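> everything below, folded, please.
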Amino acid sequence: MADNLIHFLVTVSIWAIPMVLAFTVHEVTHGFVARRYGDDTAERLGRLTLNPLKHIDPVGTVAIPSLALLLNIPVIGWAKPVPVNQSKLRDPRADMAKVAAAGPASNLVQALLWGLLLAALQRLGLGHVSWLLAMCSAGILVNVLFAVFNMLPIPPLDGSRVLHSFVSPGFARVLDRLEPFGFFVLFGLLYAGVLNPVLGPILAAVQRMIVALTGVETG
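Just a heads-up that it's a prediction; the model follows:
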C-alpha cells in the first residue's frame, strides 16, 4: 500500500507542473490574443495572469487528471475558460478563429520548449536525473495531446470555434445548439474508442515533429 502511494505521488509530481503550465498558458494566450483584437474582458476580470490559481478548475484541473493517473488511463482535463466577448472583437468571425487557435498553438510551443530542455539534458549527460527527464517527456506529451485534442471540431473545443468562423451562418447555429451537449458527445466518442483512429496518427506525427525539431534522443 505504501509503495503504491509513493509511486502515485511521484507520478503526480512528474505530471503536475507540465499540466498546470499547459492549462494556464493556453488560457492566458486566448485572453492576450482577444485583447490584441479588441476584447479586454479577460484583462478586466484579472485572467491575464500566469498565476495558476486564477485558472484552475477543481474538477477539470485536479480531480479528473489525478483520477486518470491513479487508474493509469490517458490524462485528460481542462481549466476555467478565459471569457471572450466575441462582439467586442474588431472582426468577430475572423478574430474569434485567431483567439481560438491561439490556445492550441501555445501548447505546441510549450511542447517544443520541453523538447529542447530534454535534448539539452541529454547532451549534458544528465540521463541519470530520471525525474526531470520524465517531467520533460510528460511536458511534450501533455502539450501535444492538449493541442491536438482541442483542435477537434466538436463544441466547445477550440477547433469548433475555428470552424465556426468559416462555415455558413446556418451551420454555425447548429454548432451553437450542440455546444451544451458537446462534452457528453466527446466523452461518448472517447469511451467508444471512435476517436482513437483519428487522434492516434495525428498525435504520433506531431510528436515525431517535436522530436525532429528538438533533437531529442529516443533510443
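> what helix or strand is the residue minimising distance to the centre of the chain on?
The chain has residue 146 as the residue nearest its centroid, 2.9 Å off, counting by CA atoms, centre = their mean. Here residue 146, judged by DSSP states H and E, is contained in helix 130-150.
> which non-adjacent residue is nearest the residue nearest to the centre of the chain?
Closest residue in space to residue 146, ignoring its immediate chain neighbours: residue 107 at 4.7 Å, by CB to CB, 6 or more residues apart in numbering. Any C-beta I mention is one placed from the backbone N, CA and C, and that applies to glycine too.
> surely that neighbour touches residue 26?
Yes: with contact defined as CB atoms under 8 Å, residue 107 reaches residue 26; the gap is 5.8 Å.
> shared neighbours of those two, which are they?
146, 150 (CB atoms under 8 Å, 6 or more residues apart in numbering).
> tell me which residues of the longest helix seen in the chain are tucked away?
Longest helix of the chain, by residue count under DSSP state H: helix 2-36. By 16 or more other CB atoms under 10 Å, the buried positions in helix 2-36 come out as 11, 14-16, 18-35.
> so how far is it from its chain's centroid?
9 Å (CA atoms, centre = their mean, to the nearest Å).
> circling back: so who does the residue nearest to the centre of the chain touch?
22-23, 26, 104, 107.
> swap in 10 Å and give it another go.
By CB atoms under 10 Å, 6 or more residues apart in numbering, the contact list for residue 146 reads 18-19, 22-23, 26, 75-78, 103-104, 106-108, 110-111, 158.
> just after the lowest-mean-pLDDT helix or strand in the chain, pick out the following helix or strand.
Sorted by mean pLDDT, DSSP states H and E, the helices and strands of the chain end with helix 64-71, the least confident at a mean of 68. Later in the chain than helix 64-71, the nearest helix or strand by DSSP H and E is helix 92-123.
> about what we covered before: and the helix holding residue 146, what's its mean pLDDT?
The pLDDT scores in helix 130-150 average 92.
> now the next helix-or-strand element following it, how far from the centre of its chain.
Next helix or strand after helix 130-150 toward the C-terminus (DSSP H and E): helix 158-164. Its chain's C-alpha centre and that of helix 158-164 lie 15 Å apart, by CA atoms, centre = their mean.
> what's helix 158-164 in contact with?
26, 30, 81, 84, 86, 93, 96-105, 146-155, 157, 167, 171-173, 175-176, 178-179, 182.
> so how far is residue 106 from the residue nearest to residue 136 when sequence neighbours are not counted?
Spatial nearest neighbour of residue 136, excluding adjacent residues (CB to CB, 6+ apart): residue 118 at 3.7 Å. Relative to residue 106, residue 118 is positioned 19 Å away (CB to CB, to the nearest Å).
> just to revisit the earlier point, just checking, the residue nearest to residue 146 touches residue 150?
Yes: proximity of residue 107 to residue 150 meets the contact threshold set by CB atoms under 10 Å, at 7.5 Å.
> more neighbours: which of the two?
Applying other CB atoms under 10 Å to residue 107 and residue 150 shows that residue 107 carries more neighbours, namely 25 against 21.
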